[in-house]
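Visitor: Just the structure for this:
(3 chains)
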Amino acid sequence: MKKRAIVWFRQDLRISDNPALYNAALNYDIFPIYILDDEGAGHQRMGGASRWWLHHSLLSLEQSLLGKLNIYDGKAQKLLTQLVKRLNINAVFWNRCYEPWRIERDMSIKETLKGEGVKVFSFNGSLLWEPWEILKEDKSFYKVFTPFFKAALKHEGLIRDPLPKPLHLNLLKDQKSQNLSSLNLLPVVPWDKYIKKCWHVGEKAAMKKLLNFLDTGLLGYQKGRDYPASEHVSRLSPHLHFGEISPNQVWHKAQKIRSSSIRLDLDHFLTELGWREFSYYLLVHFPKLSHENFQKKFDAFPWHYDPLMLKAWQQGQTGYPLVDAGMRELWQTGYMHNRVRMVVASFLVKNLLLHWHEGEKWFWDCLLDADLANNSASWQWVAGSGADAAPYFRIFNPITQGEKFDKEGLYTRKFVPELSRLPSKYLFHPWEAPDLVLKQAGVVLGLNYPQPIVNLAFSREQALDAYTTLKSTTK
DNA sequence: TTTTGAGTTGTTCGA
DNA sequence: GTCGAACAACTCAAA
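Guide: Next up, the predicted model:
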């Protein structure tokens, strides 16, 4: 009988370019497993939207594995030790994760398993560069993106070429495996009706989406990615988060079509992958990224606390149409266009002066692509407390941003239908529209669309003052 | 060690 | 309407 291994799937729900699966398949019969470890995750337990995605992604993986995926619910440490004994396992394979709680958990599991005489093999399956490979000369880590990425590109040779699907897989089913449905990942209230229509989940869909983007969306990406109504973004983020596709596959396919006519677009797209790397890099080198200001001086920032304001923001009822469109896109589709993410985040942090953590928490629950590294790093970037963050006087104006990037209002009208008949001239500041115009558009401010919840100019000044305070109090 | 130049995505004001 | 400068200084990276 061949030796038996467990391949533990985590954030790598794919069978091609999967180093753990590939290497295990060379010498072992395989029990592929997935564990829903809510207890281990603690307060970083997956949010509602992510759980929905996970369900469908596991369904897809199960099919790729011919129904042999074994599923469990519980503490990973305990489950693995039991499984190893019960199934007579010689080795365990996995691809590395980088969330602090997972790093700690996995190290401890590795030790326990080795103590039991089980071999453990871990691989890099989700980053182009390991965070400890890119360091400054004095071995400390980069805190500014551009030099980080430049240094990383000098190591382009370290990027693994994608691996093929394993040629021969001998998969084993544990009779005591749970059913996918027993994980209860799907919502009780069917809020996923619209989301279902927007997304195709799984490894095949991810690759299809990448190829389609490279084919039709990449040309013009550099500019087009700023316009939320246009098709010039890849929308790969949830697929990347769950590892249905690896950054290596994306990088490789993109580089293959490199030509002079798309050079700038391509470089910009690859830079976005670079930001993903940078976020993970920061999280590994500063594990408190999700709950502590990267820049200590922000601990003294005079944040407001206002549950009603927060709620208005969450529900897309701020009275600023672009902000509301974004927040409603998030709620309805589990996604938000990058440009609009910046606008709504700037609004929360700088116009409402609410703590970035409130935004981070809401995104965590609502985003299909909720990712601890990206979410924390990006919120801190907007707040100004992060690494290489936006300068504090950079405060987005949701009116200007709307007029610049959603000129015809295609995006805003879609998600704020009560304003759909308002002329573009007033779409982003309806309170300044003449009564007749409002009437003709069927808009009654304060009734079917809110009055603005803050004054932009005033709140902007207030934010600038708050940041100035910060500067003087830290001396 | 010291010095120098640079740093994702913006807005407003005044000429 | 358009354009350049100011916004504020600090930290980081590299020579």
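Visitor: Burial check on A:Arg341, number of neighbours?
Guide: Neighbour count for A:Arg341, taken as other C-beta atoms under 10 Å: 21. All C-beta atoms are positioned from the backbone trio N, CA, C, and that covers glycine.
Visitor: Just the element for it, please.
Guide: If you go by DSSP states H and E, A:Arg341 is part of helix A:338-346.
Visitor: how about that helix, does it reach DNA strand B?
Guide: Yes: with C-beta under 7 Å from any atom of the strand as the criterion, DNA strand B is reached by helix A:338-346 at A:Asn338, A:Arg339, A:Met342.
Visitor: so how far is A:Lys209 from the first one?
Guide: Counting by C-beta to C-beta, to the nearest Å, the gap from A:Asn338 to A:Lys209 is 16 Å.
Visitor: With A:Asp192 instead?
Guide: 19 Å.
Visitor: A:Asn365 contacts A:Gly47, doesn't it?
Guide: Quick fix: residue A:365 reads Asp, not Asn. Yes: with contact defined as C-beta atoms under 8 Å, A:Asp365 and A:Gly47 form a contacting pair (3.7 Å).
Visitor: These two - which one has more neighbours?
Guide: Using other C-beta under 10 Å as the criterion, A:Asp365 and A:Gly47 rank with A:Gly47 on top: 18 against 15.
Visitor: Just give the closest residue to A:Leu66, not the sequence neighbours.
Guide: Excluding the flanking residues, the one nearest A:Leu66 by C-beta to C-beta, 6 or more residues apart in numbering is A:Leu171, at 6.4 Å.
Visitor: What's the local residue count around that neighbour?
Guide: Residues within reach of A:Leu171, counting by other C-beta under 10 Å, total 16.
Visitor: In contact with it: list those residues for me.
Guide: When contacts are counted by C-beta atoms under 8 Å, 6 or more residues apart in numbering, A:Leu171 touches A:Asp29, A:Ile30, A:Phe31, A:Pro32, A:Leu65, A:Leu66, A:Lys68.
Visitor: At the contact with DNA strand C, which residues of chain A appear?
Guide: Residues of chain A lying close to DNA strand C by C-beta under 7 Å from any atom of the strand are A:136-137, A:140, A:142-144, A:147-148, A:150-151, A:391-393, A:464, A:468, A:471.
Visitor: mind redoing it with 10 Å?
Guide: When proximity is defined as C-beta under 10 Å from any atom of the strand, chain A approaches DNA strand C at A:135-138, A:140-151, A:154, A:294-297, A:384, A:387-395, A:464-465, A:467-468, A:471-472, A:474-475.
Visitor: Among these, name the ones in helices.
Guide: Those of these mapping onto helices are A:145-151, A:154, A:464-465, A:467-468, A:471-472, per DSSP state H.
Visitor: follow-up on the earlier one: so how do I select the buried members of the contacts of A:Leu171 in PyMOL?
Guide: Remark: buried members of these, expressed as a PyMOL selection using 16 or more other C-beta atoms under 10 Å:
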select buried, chain A and resi 29+30+31+32+65+68
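Visitor: Now render the contacts of A:Leu171 as a markdown table, adding secondary structure and pLDDT.
Guide: Listed next are the contacts of A:Leu171 as a markdown table, based on DSSP: H, G, I helix; E, B strand; the rest coil; pLDDT from 0 to 100:
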| residue | secondary structure | pLDDT |
| --- | --- | --- |
| A:Asp29 | strand | 98 |
| A:Ile30 | strand | 98 |
| A:Phe31 | strand | 98 |
| A:Pro32 | strand | 98 |
| A:Leu65 | coil | 98 |
| A:Leu66 | coil | 97 |
| A:Lys68 | coil | 98 |
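Visitor: Roughly how far does A:Tyr34 sit from DNA strand B?
Guide: Distance, A:Tyr34 to DNA strand B, using C-beta to the nearest atom of the strand, to the nearest Å: 31 Å.
Visitor: Could you identify the helix or strand that succeeds the helix or strand hosting that residue?
Guide: Per DSSP H and E, A:Tyr34 falls inside strand A:29-36. Remark: after strand A:29-36, the chain's next helix or strand is helix A:38-41, criterion DSSP H and E.
Visitor: could you point out which element follows that following helix?
Guide: Next helix or strand after helix A:38-41 toward the C-terminus (DSSP H and E): helix A:48-64.
Visitor: what comes up buried for that following helix?
Guide: Buried residues in helix A:48-64, defined by neighbour count with 16+ other C-beta under 10 Å: A:48-58, A:60-62, A:64.
Visitor: The residue of the stretch 251-400 of chain A found nearest DNA strand C: what's its closest spatial neighbour, skipping adjacent residues?
Guide: Residue of the stretch 251-400 of chain A nearest DNA strand C, by C-beta to the nearest atom of the strand: A:Pro391 (3.5 Å). In space, A:Pro391 comes closest to A:Gly384 once its chain neighbours are excluded; the distance is 7.3 Å by C-beta to C-beta, 6+ apart.
Visitor: List phi and psi for the one you found.
Guide: Main-chain dihedrals, A:Gly384, degrees, to the nearest 10: phi 90, psi 0.
Visitor: which residues of the stretch 101-250 of chain A score low on pLDDT?
Guide: The model of the stretch 101-250 of chain A has no residue with pLDDT under 70.
Visitor: got it, and the stretch 351-475 of chain A?
Guide: Using pLDDT under 70, the flagged stretches of the stretch 351-475 of chain A are A:472-475.
Visitor: Mind doing that once more with 80?
Guide: Across the stretch 351-475 of chain A, the ranges flagged by pLDDT under 80 are A:470-475.
Visitor: So which bits of it are right by DNA strand B?
Guide: A:374, A:377-378, A:381-382, A:386-405, A:456-457, A:460-461, A:464.
Visitor: on that earlier part again, can I get the contacts of A:Leu171 in JSON lines with distance to DNA strand B?
Guide: Output for the contacts of A:Leu171, formatted as JSON lines (distance: C-beta to the nearest atom of the strand, whole Å):
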{"residue": "A:Asp29", "distance to DNA strand B": "43"}
{"residue": "A:Ile30", "distance to DNA strand B": "38"}
{"residue": "A:Phe31", "distance to DNA strand B": "39"}
{"residue": "A:Pro32", "distance to DNA strand B": "34"}
{"residue": "A:Leu65", "distance to DNA strand B": "35"}
{"residue": "A:Leu66", "distance to DNA strand B": "39"}
{"residue": "A:Lys68", "distance to DNA strand B": "39"}
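Visitor: Return the residues in contact with A:Leu445.
Guide: A:Leu445 sits in contact with A:Gly319, A:Pro430, A:Trp431, A:Leu438, A:Gln451, where contact means C-beta under 8 Å, 6+ apart.
Visitor: Spatially, what comes nearest to the first one if we skip its sequence neighbours?
Guide: In other words, A:Gly319. Among residues not flanking A:Gly319 along the chain, A:Pro452 sits closest, at 3.7 Å (C-beta to C-beta, 6+ apart).
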